[in-house]
Structures are given as structure tokens and as C-alpha cells.
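Colleague: Could you work out the structure for the sequence below:
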Amino acid sequence: MSYIERAITDILKKRIKSSKCLLLTGARQIGKSTVIKHVFPDYNRANFDDRLTRLQAKEEPKLFFLNNPCPLFIDEVQKESDILEDIKQIVDESEERGQFILSGSQKLELMKGMSESLAGRVAVTELSGLSLREIYKIKFNRHFIPTEAYIKEREKELKHYTDIWNIIHKGAYPELYDVERDWQEFYSSYVSTYLERDINELISSDSITFTKFLTAVAARTGEMLNYANIASEIGVSEPTIKNWISILERTGIIYILQPYSTNALNRAIKTPKLYFRDTGLACYLTRWLTPDTLKRSAVAGNMFETFVVNEILKSYTNEGMDYKFNIFYYRGKDKNNTNENEIDLIIEEDGFLYPVEIKMSGNPKANMASANTVLDKIPDKKRGIGVIICLIDKKTYLRENLVALPIDYI
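Modeller: Just a heads-up that it's a prediction; the model follows:
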């Protein structure tokens with residue numbers, strides 16, 4: 001098995017030197033324990049997936065720490081979050097840095113425990129699936145922002161991605177790139193293991209109903225989130241769907257993209273959009289079994305958009321940055337137009353708003369970004385250069401403030 005170097009490695013090394021604890025979050029099988037093993041081989045390890053280990057940590061924490069001394073890596077720590085109080089006592093008695101590395105696949109629940117027990121003592125970092133940069137061994141590790149400076153720097157390490165639809169279909173779980181693994185067998189095992197290990201601990205439902213729910217959500221990737229519509233299709237209540245959607249978000253299976261909110265855009269739609277975090281898993285659930293059938297399907301546009309959004313999010317997490325307050329979308333009507341306008345992504349940084357369109361096209365047109373001018377209404381922000389990320393062969397300026405970029409630039 002070959003290990004793919006993760007872009008987040010240097011961030012982890014820096015944070016372990018400056019913090020008493022490091023928390024690494026991310027979905028199941030995303031590579032959390034593998035990256036910790038390679039980056040910090042000298043750490044002792046305990047896995048709370050093991051019931052006996054959890055039991056000892058819960059009932060005899062002093063004995064647990066005698067058997068598992070620092071520096072210690074605890075995997076799936078959210079399964080016995082009471083241990084956080086004991087960790088707090090240990091780190092408070094010492095000024096030593098990097099005593100604990102914790103990981104888990106239930107981000108918000110972990111964060112709740114951290115905020116109560118380890119506030120100010122833990123550095124929180126998110127690990128995503130493999131990015132295109134990691135797959136193609138590109139060392140460039142800055143978050144995507146369509147400025148002239150970013151584009152110039154990115155061009156120094158540019159590679160053309162020739163098999164993009166194979167990667168979209170394959171997905172981003174490291175195991176699919178480490179070893180020769182049958183695609184259907186991997187995702188079948190992943191879904192059943194995921195249901196067995198995680199979801200059954202968080203909900204009360206039979207696996208058939210929940211699998212139908214997963215499939216319904218996967219079919220709606222890249223669309224606005226409509227709880228009632230999903231509830232009607234699955235045959236459960238809307239509050240139940242809201243709870244299950246929350247669980248998928250907490251466990252890193254989906255991402256909820258929030259609309260950009262400001263008084264200047266008073267006709268903007270307030271409904272968030274839903275994206276699966278892994279296009280391979282979404283393809284498996286919706287039964288697109290080959291890259292060719294996916295590429296020619298009616299969902300190809302949404303799947304391409306989902307993939308690009310995820311690549312942009314990965315560029316943030318791999319730099320150790322939080323993207324929640326930087327990335328939005330817009331959909332609404334301005335006063336001079338009865339049709340809805342949409343901007344696929346709005347990236348906010350340093351007082352600028354950068355509009356991003358995502359198009360499965362090799363022939364982008366300037367009118368694809370006609371909604372960008374709506375951002376000029378916002379009085380305290382400036383509109384930055386707009387970008388259309390698409391399947392064009394080379395960087396092409398469509399206007400002075402609008403550029404079409406190949407996906408290679410993310």
C-alpha cells in the first residue's frame with residue numbers, strides 16, 4: 001500500500017508545537033488515523049472504536065492513562081467524550097505542548113465537548129478527502145481565491161487533469177488510490193459500515209429507510225435544500241428529515257452551503273444548498289456506475305459543480321483554514337429583472353466579494369456571469385474579479401474583470 005502525502009501535513013506539525021491538544025475531524029475512511037500515524041509515528045495510540053478500550057477509559061481513566069501514556073493519539077474520541085475532562089486535568093498540570101492528538105468523525109458533537117472541556121487548549125483541524133492537488137502530487141497549498149496574485153502563483157505548479165471524469169466518479173477516499181479496490185465493493189462496504197457504526201448510534205431507523213434517504217439526498221446534490229420534498233419521497237416526517245440532514249452534516253457526508261445574507265440583497269432567497277462531500281459516494285448511491293454514463297447523464301452538471309465546490313473547500317481545509325465564513329452562494333431577483341439570478345459561489349475575503357460560476361462547458365461566455373453585478377449593490381464591500389471554472393483548455397479573459405479558468409487552477 002502506498003501512502004499519498006497529505007497537504008495538511010505541515011499544518012499539523014505547526015499546530016502540535018503550539019497547542020496542548022490537536023483535534024483532527026473528518027468523515028469515516030478519509031484518512032485521519034493514517035495521516036497521524038505517518039506524521040506522528042512516536043505517539044501511543046488508543047482507538048475508541050474498541051469497546052474494551054472505551055470501557056476502561058470511562059470506568060478507570062487513571063488506569064487507562066497508565067496503559068496509554070502521553071504523547072497519546074485517541075481515535076474516535078467522541079465515542080467516550082467524558083475522557084475530555086480527564087485530558088483537561090492532565091494538560092492543565094503541564095505547560096508541555098502536543099500531549100494529545102484526538103480525532104473523530106462527528107465534528108459538531110466533538111466541538112461541543114471541546115468547547116465545554118478543552119476551550120483554549122485544543123487546535124481544531126479538518127481533514128477532507130483527497131484533493132486533485134494531492135492526487136497529482138502538486139505541492140501548491142494556498143486556498144482558492146481568484147485574484148491576479150493567486151492565479152500567477154498557481155500557474156507555477158499547473159498540471160492538466162486529463163481524466164477528470166474518472167476522478168469525479170471514483171471519489172476522494174484514499175483507499176481507492178492506495179490499493180486496487182473494486183469501486184462498487186468499496187462503496188457498498190462503506191455504506192453498510194457507516195450505517196452500522198455511526199448512524200445507528202445517532203438515529204432510530206431501519207437501514208432500508210435510511211439508505212433510501214441517503215439516495216434521495218445524493219440525487220439532490222447541488223440543489224437547494226427542500227426538507228418537505230425529501231420527507232414526501234421517503235415517507236417520514238419533515239422534522240425527522242431535518243434531524244437526519246443534521247447528522248449527515250455532522251459526520252462529514254454532506255455540506256450545507258449558506259446563502260449570502262445582507263440587507264442590500266433584500267430579494268435574495270434564504271434557502272441553503274446541499275452538496276455531497278464525495279462525488280464517488282453520490283454516484284454509487286444514485287447508481288451511476290461508470291464515468292462515461294455519468295458524464296453523459298442529466299446529473300452531470302450538478303455532479304461537476306459538486307466536485308468543484310468540494311475542491312475549493314479542500315483548498316481551505318488543507319491550508320488549515322475555516323471556510324464557513326468565507327464561502328456562500330446567491331440566488332434572487334433584482335428589481336429590474338423578474339427572473340432569478342444565481343451566483344454559484346461567493347468567496348468573501350478582505351472586504352472583497354469574488355463571484356464564481358461553475359459550468360460544465362468548454363466554451364464559456366461572458367453572459368454566464370451576468371448576475372455578478374448584483375454584488376455592486378452591497379455598500380461596504382467591493383466586487384473582485386469574477387471567474388468561470390469550466391472545462392476550457394486555457395485561461396481566457398472574457399472581460400477585464402471576468403476570467404474563465406480550467407479546473408486545473410483550483
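Colleague: what bits of the stretch 151-300 of the chain have low per-residue confidence?
Modeller: Residues of the stretch 151-300 of the chain that meet the criterion pLDDT under 70 lie in 195-197, 200-201, 204-205, 263-264, 266-267.
Colleague: all strands for it, in order.
Modeller: Taking DSSP state E, counting those that start in this stretch to define them, one finds strands in the stretch 151-300 of the chain at 223-224, 254-257, 273-276.
Colleague: Give me the helices and strands touching the shortest one, please.
Modeller: What it means is strand 223-224. Secondary-structure packing of strand 223-224 (3 or more CB pairs under 8 Å, 6 or more residues apart in numbering; DSSP states H and E): strand 273-276. All C-beta atoms are positioned from the backbone trio N, CA, C, and that covers glycine.
Colleague: For the strand it packs on, output the C-alpha coordinates as CSV.
Modeller: The C-alpha coordinates for strand 273-276 follow below in CSV (Å, rounded to 0.1, in the frame of the first residue of the first chain):
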residue,chain,number,x,y,z
LYS,A,273,-27.9,24.5,-0.9
LEU,A,274,-26.8,20.9,-0.3
TYR,A,275,-23.7,19.2,-1.6
PHE,A,276,-22.4,15.7,-1.0
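Colleague: and it, what does it pack onto?
Modeller: Counting by 3+ CB pairs under 8 Å, 6+ apart, strand 273-276 packs on helix 207-218, strand 223-224, strand 254-257, helix 300-317.
Colleague: Most tightly packed of those?
Modeller: Ranked by mean neighbour count, the helices and strands packed on strand 273-276 are led by helix 300-317 with a mean of 23 (mean count of other CB atoms under 10 Å).
Colleague: And the contacts of the helix or strand immediately after it in the chain?
Modeller: With elements assigned by DSSP states H and E, the helix or strand that comes after helix 300-317 is strand 327-332. Identification of contacts with strand 327-332 by CB atoms under 8 Å, 6 or more residues apart in numbering yields 224, 257-261, 265, 267-269, 273, 312-313, 316, 340-348, 371, 374-375.
Colleague: Dump the helices and strands packed on strand 273-276 to TSV, plus distance to residue 387.
Modeller: Formatted as TSV, the helices and strands packed on strand 273-276 follow (distance: least, CB to CB, whole Å):
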stretch	distance to residue 387
helix 207-218	27
strand 223-224	22
strand 254-257	17
helix 300-317	11
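Colleague: right, so of the ones you listed, which gets closest to residue 143?
Modeller: With CB to CB as the criterion, residue 143 lies closest to helix 300-317 of the helices and strands packed on strand 273-276, at 4.5 Å.
Colleague: That closest one versus strand 327-332: what angle between them?
Modeller: For helix 300-317 against strand 327-332, the angle by axes from the mean of the first three to the mean of the last three CA atoms, to 10 degrees is 140 degrees.
Colleague: May I have helix 300-317 as CSV, with CA atoms only?
Modeller: C-alpha atoms of helix 300-317 as CSV (Å, rounded to 0.1, in the frame of the first residue of the first chain):
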residue,chain,number,x,y,z
ALA,A,300,-23.5,15.6,-14.9
GLY,A,301,-23.8,19.4,-14.4
ASN,A,302,-24.7,19.1,-10.7
MET,A,303,-22.0,16.4,-10.1
PHE,A,304,-19.4,18.6,-11.8
GLU,A,305,-20.5,21.6,-9.6
THR,A,306,-20.4,19.4,-6.5
PHE,A,307,-16.9,18.3,-7.3
VAL,A,308,-15.6,21.8,-7.9
VAL,A,309,-17.2,23.1,-4.7
ASN,A,310,-15.5,20.3,-2.8
GLU,A,311,-12.2,21.0,-4.3
ILE,A,312,-12.4,24.7,-3.3
LEU,A,313,-13.4,23.6,0.3
LYS,A,314,-10.4,21.3,0.4
SER,A,315,-8.1,24.1,-0.6
TYR,A,316,-9.2,25.8,2.6
THR,A,317,-9.0,22.8,5.0
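Colleague: how far is that helix from where the chain is centred?
Modeller: On the basis of CA atoms, centre = their mean, to the nearest Å, helix 300-317 sits 9 Å off its chain's mean C-alpha point.
Colleague: quick one: that helix to helix 207-218, angle?
Modeller: Between helix 300-317 and helix 207-218, the angle comes out at 90 degrees (the same axes, to 10 degrees).
Colleague: Phi first, then psi, for the residue at the greatest distance from the centre of the chain.
Modeller: What lies farthest from the middle of the chain is residue 63; by CA atoms, centre = their mean that is 36.8 Å. When read as degrees, to the nearest 10, the backbone of residue 63 gives phi -70, psi -40.
Colleague: Distance check, it against residue 56.
Modeller: 6 Å (CB to CB, to the nearest Å).
Colleague: Check residue 243 too.
Modeller: 32 Å.
Colleague: Cool, thanks, talk later.
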